[in-house]
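Visitor: Could you work out the structure for the sequence below:
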Amino acid sequence: MATVTLDKVNKIYENGFHAIHDLDLQIADKEFLVLVGPSGCGKSTALRMIAGLETISGGEMKIGEKVVNDVEPKDRDIAMVFQNYALYPHMTVYDNIGFALKLAKVPKDEIDRRVRQASKILELDANLDRKPGQLSGGQRQRVAMGRAIVRQPAAFLMDEPLSNLDAKLRVQMRAEIAALQRDLAVTTVYVTHDQIEAMTMGDRVAVLKAGYLQQVDTPQNLYDKPDNVFVAAFIGSPSMNLYEATVEFGDGAADGTIHLGTQTLKIGSEVLERRPALRGHDKVIVGIRPEDFEDAALVERDTTGRQLTSNVRLIEALGSELMVHFDIDARTVDSGDPDAVEESDSGSNAVGRFNPRSRVRMREDVTIAVATDNMHFFDPETHLSIWG
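Guide: As a prediction, this is how the structure comes out:
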């Protein structure tokens, strides 16, 4: 087992494109770290540099205590699981799993022991004599995992291994991979563009944008305390609602007011205690997560000063919740995610996650309670979160 350390690692291609900028990451022994970000952010490039499939233009990379900048992939003691499985179609499952060991001239009885041990873990015992073409997508992915497991590497590298599976199988397989990694206790770096995968699988998640590391933290901390607008919008589904706003504080007052378009909301003293630097701003970007909007008719507590009024544009009934789309007459903020859809197909600029007992109707006015204590605030110039 080993740590993986990236110290100011850069990647610049021959055409001058700077894909990775001074990437600093330390992945602990036995840790499951997820690299996540939109298409083209550099996450797969970073993984391929760890694997040795891409050269490093600058900085230092270590696996354990060994600097591996110029070490060949086969000598890095890593095993990689690819998006397309990369199985040999003419070989049986048994031979696919054991192929790397055969190349390494491992004794036949040891190959047999490792292959059968891995196939038992992955529930592939009954398929060892089959060929990849006779397997389902999930089974092929298990074979690719088995080929990595038998090598007993210092680290696993996984490049979007579930992207070719259907939605139901992806949910099943991500749970299996996370459980398998915990059981094997192998350092793992996992690349995905799917932030739900990242949140449900990783011990920590590193968010990349345009080759720059934005934030690395536990999934819950990324959600609760994003460092900037990009992370706030990227982590969470549906995305955080982001608007330009102004704030006011009376002299010595314990609370304040936020102006969101033509509407106003009260900011409680709890918010100012957590974010004292907010008093130094009059213009902000305010972020409201969908679950912090609710049909005011269903809220038992007093929401005076913490309500918005709007007109319902679209309702998506999901059984356990309603996704309610509506308008707020404030200017929305571009999150910086090139893959993001800033407005819904309904033309609305806000989405709330309502209780399914809500009786809101399309094209009807609605009063919306806002959990203002949970709102996020960002500097409109730097897009950084406002705290102390």
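
Visitor: For the residue nearest to Thr187 when sequence neighbours are not counted, give the beta-bridge partners.
Guide: What sits nearest to Thr187 in space, not counting adjacent residues and going by C-beta to C-beta, 6 or more residues apart in numbering, is Ala155, at 4.3 Å. Any C-beta I mention is one placed from the backbone N, CA and C, and that applies to glycine too. As for beta bridges, Ala155 partners with Ile78, Thr187 under DSSP bridges.

Visitor: residues contacting Ala155?
Guide: Ala155 is in contact with 2, 4, 27, 50, 63, 77-79, 186-189, counting by C-beta atoms under 8 Å, 6 or more residues apart in numbering.

Visitor: Now restrict those to buried residues only.
Guide: Buried subset of these (neighbour count, 16 or more other C-beta atoms under 10 Å): 2, 4, 27, 50, 63, 77-79, 186-189.

Visitor: Do I have it right that Leu213 meets Gln26?
Guide: No. Look at Leu213 against Gln26 with C-beta atoms under 8 Å: they stay out of range, at 11.9 Å.

Visitor: The two: which is more packed in?
Guide: Leu213 (21 against 13; other C-beta atoms under 10 Å).

Visitor: partner residues bridging the more buried one?
Guide: Under the criterion used here (DSSP bridges), Leu213 is bridged to Leu208.

Visitor: Okay, it and Glu273: tell me how far apart.
Guide: Using C-beta to C-beta, to the nearest Å, Leu213 is found at 30 Å from Glu273.

Visitor: would TSV of the buried ones among the contacts of Ala155 with pLDDT be doable?
Guide: Below are these laid out as TSV (pLDDT from 0 to 100):
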residue	pLDDT
Ala2	90
Val4	98
Ile27	98
Ile50	98
Ile63	96
Asp77	93
Ile78	95
Ala79	94
Val186	95
Thr187	97
Thr188	97
Val189	98
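
Visitor: I'd like those residues as a markdown table, with distance to Arg130 appended.
Guide: Shown next, in a markdown table, are the buried ones among the contacts of Ala155 (distance: C-beta to C-beta, whole Å):
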| residue | distance to Arg130 |
| --- | --- |
| Ala2 | 34 |
| Val4 | 34 |
| Ile27 | 35 |
| Ile50 | 32 |
| Ile63 | 34 |
| Asp77 | 30 |
| Ile78 | 28 |
| Ala79 | 22 |
| Val186 | 27 |
| Thr187 | 31 |
| Thr188 | 27 |
| Val189 | 30 |
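
Visitor: Nearest to Glu321, out of these: which one, please.
Guide: Within these, proximity to Glu321 (C-beta to C-beta) peaks at Thr188, which comes in at 32.2 Å.

Visitor: Contacts only, for the residue nearest the centre of the chain.
Guide: Most central in the chain under C-alpha atoms, centre = their mean is Gln195, positioned 2.9 Å from the mean C-alpha point. Gln195 makes contact with 36, 234-237, according to C-beta under 8 Å, 6+ apart.
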